[in-house]
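[1] sharing a model prediction with you, sequence too.
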Amino acid sequence: MSLPKAELHLHIEGTLEPELAFELAARNGVTLPYADTEALREAYRFEDLQSFLDLYYELMAVLRTEQDFADLADAYLARAAAQGVRHAEIFFDPQAHLARGVSMGTVVEGLWRALGGSEARHGVSTRLIMCFLRDESAESALAALEAAKPYLDRITGVGLDSAEVGHPPVKFREVYEAAAALGLRRVAHAGEEGPPEYITEALDVLGVERVDHGLRCMEDPALVERLVRERIPLTLCPLSNVRLRAVDTLADHPLPAMLDAGLLCTVNSDDPAYFGGYAGDNFAAVQQTLGLSRDRLRELARNSFLASFLEDDEERRARYLAEVEAYEFGEGVL
Ligand SMILES: Nc1ncnc2[nH]cnc12
Ligand SMILES: [Zn+2]
């Protein structure tokens, strides 16, 4: 058995494994500019966030039908379940699909085909969070929010992702106000490549309840103190940080210092098909390389459920938390 955990920072488009990419390309008559899965994997050497995003958006061309999105999400849920994920709050990037002529309905209905059966098939409860692309305009984000209105019973919240530097949270003030008025929960990527000020702005201007990454808060002690005091969860993604060079090596990752500072940290996979591992792989990597104790690992698992949007199902949250406390570390994968 694996350590029970919630995954709170996961881009469903970032779970597209090379094998599925080629299968969907064949199914949809799309030609990929790579000879085979090996050649594609060769392209997974990133300099920074942008070099990853270029490939991430390019490969989305294979996602065209409801069934494609269902197959993508079902494959993720199977992998996540095998690594102890009991609850997943899943990001998707509607603007990247709308721009290719794929409708919001196709995306949401397709994802829902997998998410709706996830508890029965995989034992994983789910939530869906639509992200705005911060390198696109606020008007484009508002149009995506408008297109999502018929599907709001399936969408728990909004997020903000894509190229961070030069696109501060304040650009999306009105969009987040509109999302809040619709009853949506709010999160945003901040402090991955961008400065600590973006984290403060996401909290103060966008009203986010959780910060995705938030790594660079460590450059500002007053901000760390505030995040600790207000119990703001951070969804860290250690293997992503190494692959996108937010840290030099995993051994340099500030996770232990962040936990020592009292921050409410969680460990997640971000875009596991591209960054070398799913949720359990990220836990195993930080255990092995950063030497986290079992108490720390249990704390990370506990935090993941505390930080999750399970307010509408506190009974379930309590059950998951009890599973974390009862977990016995052994030979199994984390
Ligand atoms: N790590 C990341 N940062 C920003 N945008 C993303 N979109 C997918 N993965 C992302
Ligand atoms: Zn992310």
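    Yep, it's here. Ligands and ions are numbered 1, 2, ... in the order given.
[2] give me the neighbour count for the residue nearest to residue 132 when sequence neighbours are not counted.
    The shortest distance from residue 132 to any non-neighbouring residue, by CB to CB, 6 or more residues apart in numbering, is to residue 141 (3.9 Å). For the C-beta atoms, the positions are set from N, CA and C on the backbone; glycine is no exception. Neighbourhood size, residue 141 [other CB atoms under 10 Å]: 26.
[3] tell me the buried residues in the helix or strand where residue 141 lies?
    For residue 141, the host element (DSSP states H and E) is helix 138-148. Neighbour counts over helix 138-148 (16 or more other CB atoms under 10 Å) mark 138, 140, 141, 142, 143, 144, 145, 147, 148 as buried.
[4] what do you get for stretch 1-12?
    For stretch 1-12, by 16+ other CB under 10 Å, it's 2, 3, 4, 5, 6, 7, 8, 9, 10, 11, 12.
[5] quick check: the first one vs residue 302, distance?
    Plainly put, residue 2 is 15 Å away from residue 302 if you go by CB to CB, to the nearest Å.
[6] just the third one next, same as before
    Using CB to CB, one obtains 10 Å as the distance from residue 4 to residue 302.
[7] so what's in contact with these two at the same time?
    Taking CB atoms under 8 Å, 6 or more residues apart in numbering as the criterion, residue 4 and residue 302 both touch residue 324.
[8] which residues does the residue nearest to residue 132 contact?
    Residue 141 touches 95, 132, 133, 172, 175, counting by CB under 8 Å, 6+ apart.
[9] of those residues, which belong to helices?
    95, 175 (DSSP state H).
[10] quick one: which of the contacts of residue 141 has the most company?
    With neighbours taken as other CB under 10 Å, the top of the contacts of residue 141 is residue 132, carrying 27 neighbours.
[11] hang on, that residue packs against residue 95?
    Yes. Between residue 132 and residue 95 there is a contact at 6.9 Å, judged by CB atoms under 8 Å.
[12] need the overlap of contacts for the two.
    Listed contacts common to residue 132 and residue 95 are 141, 144; contacts here mean CB under 8 Å, 6+ apart.
[13] number of nearby residues for residue 238?
    By other CB under 10 Å, the residues close to residue 238 number 27.
[14] ok so, going back, in a markdown table, list the buried residues of helix 138-148 along with pLDDT and distance to ligand 1.
    Output for those, formatted as a markdown table (pLDDT from 0 to 100; distance: CB to the nearest ligand atom, whole Å):
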| residue | pLDDT | distance to ligand 1 |
| --- | --- | --- |
| 138 | 98 | 17 |
| 140 | 98 | 16 |
| 141 | 98 | 14 |
| 142 | 98 | 19 |
| 143 | 98 | 19 |
| 144 | 98 | 15 |
| 145 | 99 | 18 |
| 147 | 98 | 19 |
| 148 | 98 | 18 |
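[15] and of those, the nearest to residue 29?
    residue 147 (25.9 Å; CB to CB).
[16] isn't the closest one up against residue 99?
    No. Using CB under 8 Å as the test, residue 147 is too far from residue 99 to be in contact (11.8 Å).
[17] what residues does the closest residue in space to residue 32 that isn't next to it in sequence make contact with?
    Once flanking residues are discounted, residue 32 sits nearest to residue 25: 5.1 Å by CB to CB, 6+ apart. Residue 25 makes contacts with 31, 32, 61, 62, as judged by CB under 8 Å, 6+ apart.
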